[in-house]
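>>> Whatever this is, show me its structure:
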Amino acid sequence: MRDTPSVPLSPCPPEYARLLVQGYDTVQEALALTPSPLLVDMLDAAQKAARDLSDTLEATVALTLGAEVFHVHATGARGGVRWRVENDDFMFLIGSPKRDWTITIRYLSAGLWEHGLSSLRERAFAALRPYTVQHDPDCIRVSRADYCFDFFSPSFSVEFEPGLSRNVVCHSSAKAHEAGSFNLWARGGRGETLTIGSKRGLQVQVYNKALEIDEASGKTWLYPVWLSAADGEWLWGDSDKPHDMWRLECRFSGDFLKERNVRRPHELMASLPELISEALYTRRLSVASATDDNRWRWPMCALWSEAVRQRGAGHMLPIGRKVTGRRDALLERAEAQLAGTLRTMSVLSQGAYDESVVTPFVRRAVARIESDPDHTKKVQVAQDRYSQVEEAR
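Below you'll find the predicted structure:
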């Protein structure tokens, strides 16, 4: 495990901010399931019918799979998606039946908040089971996860102005590998959205969720969720709808999760506190100090601090992918790579392949391994890297 930065947390009294709800807002998983010919025919027929309904290709056609009723879109999507199939709770993005990981499930916000991730996954698999072939029980890989915290905070609404961007602390990895380490959107001198990092890796965003619902998404179904979390207390005075609702959201890409060996649903569940801590410590809003010019030592702001206290951990996950797969296949690949390397060394040395010079190369390589002062440490690193390799069946 890696230590979190030594940064003090700020208090978050209820009169400053009140955390109402937290949970997954989006989760996406790739499935190693093969669509049956029957499913392919059903999808093709529904997609053609949807195309015939409108020249704009915006129509959908109903399709029942198991106990679920879906809408099949007239078009696919980028990234090799041939069919888009969705209902209010989740979406299937399906590519060519010839691909191994050709089905992706995107669990949608409304379904996650109403039913929970486990329940949605059970329903999705029940719908797909009669129409797909599953070759391996280990058939799910997490490709995206967004987790959020919804705060009621009129105080943060007052504080959030464009100059607050000076208090952003962003880990060097975000600046080196992500386009634009942060940006702040404001209107009328008031901040509305602060984004730190990139969706291609790790992103943290705080934004006015009540305003976003009113002006863009229309997700008014969140109003009763917030009201219930407040034990029925209407926190918003004389207003007929909620306001001053700030969403703090951590967005984890598939590549970010892979680098921390979080691939499967149970690994995401077990590692969520460490992931949240890494997100909020390395992409944080801080509180300026009047006596210290080094912002890296400034306390974490109240919203970030409360999210860490509620769902974070005191450490972060180690970085370094663990190799998975069959042992015999990996050995075959390593042997082929070694053969190619020896061939290259012979050509570099003699201008052509010469078997007589290959053996000395091998002997010197073995001697270098055994004389390496870090040999034991490197063996341990390799053992950890390949700890999830499986025996051939």
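
>>> Now for V358: which residues touch it?
By Cβ atoms under 8 Å, 6 or more residues apart in numbering, V358 lies in contact with L342, M345, S346. For the C-beta atoms, the positions are set from N, CA and C on the backbone; glycine is no exception.

>>> Identify each buried residue in the helix or strand hosting it, please.
Assigned by DSSP states H and E, V358 falls within helix 355-371. Neighbour-count burial for helix 355-371 flags V358 (criterion: 16 or more other Cβ atoms under 10 Å).

>>> Need the mean per-residue confidence for that helix.
Helix 355-371 shows a mean pLDDT of 83.

>>> how far does that helix sit from the chain's center?
44 Å (Cα atoms, centre = their mean, to the nearest Å).

>>> What of stretch 293-310?
The answer for stretch 293-310 is 23 Å, by Cα atoms, centre = their mean.

>>> Kindly calculate the angle that the longest helix seen in the chain makes with helix 355-371.
The longest helix of the chain (DSSP state H) is helix 327-350. Interaxial angle of helix 327-350 relative to helix 355-371 (axes from the mean of the first three to the mean of the last three Cα atoms, to 10 degrees): 120 degrees.

>>> Go through stretch 277-289 and flag the buried ones.
S277, E278, A279, L280, Y281, T282, R283, R284, L285, S286, V287.

>>> Distance across that stretch, terminal residue to terminal residue?
End-to-end distance of stretch 277-289 (Cα to Cα, to the nearest Å): 22 Å.

>>> just stretch 292-304 next, same as before
Criterion Cα to Cα; first-to-last residue distance in stretch 292-304 is 20 Å.

>>> contacts for it?
For stretch 292-304, contacts defined as Cβ under 8 Å, 6+ apart pick out 5, 7-12, 16-17, 149, 151, 153, 156, 167, 169, 206, 246, 248, 280-281, 284-289, 305, 308.

>>> quick one: the strands in the stretch 151-300 of the chain?
Assigned by DSSP state E, counting those that start in this stretch, the stretch 151-300 of the chain shows strands spanning 168-170, 182-187, 190-197, 202-208, 245-253, 283-285.

>>> Lowest mean pLDDT across those, which one is that?
strand 182-187 (a mean of 87).

>>> which residues of the stretch 251-393 of the chain score low on pLDDT?
Along the stretch 251-393 of the chain, segments meeting pLDDT under 70 span 321-326, 329-330, 377-393.

>>> Kindly recompute the last result at 90.
The stretch 251-393 of the chain contains residues with pLDDT under 90 at 290, 293, 320-393.

>>> returning to that earlier point: who are the neighbours of the longest helix of the chain, in terms of helices and strands?
helix 355-371, strand 388-390 (3 or more Cβ pairs under 8 Å, 6 or more residues apart in numbering; DSSP states H and E).

>>> Break this protein into its domains for me.
Domains of the chain are assigned by automatic domain parsing as 2-24+145-316, 33-135, 324-390.

>>> List the contacts of R129.
Applying Cβ under 8 Å, 6+ apart to R129 gives the contacts G66.

>>> do you know how far it is from L65?
Note on R129: its distance to L65, by Cβ to Cβ, to the nearest Å, is 9 Å.

>>> Throw the helices and strands packed on helix 327-350 into a markdown table and include distance to L211, thanks.
Output for the helices and strands packed on helix 327-350, formatted as a markdown table (distance: least, Cβ to Cβ, whole Å):
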| stretch | distance to L211 |
| --- | --- |
| helix 355-371 | 61 |
| strand 388-390 | 45 |
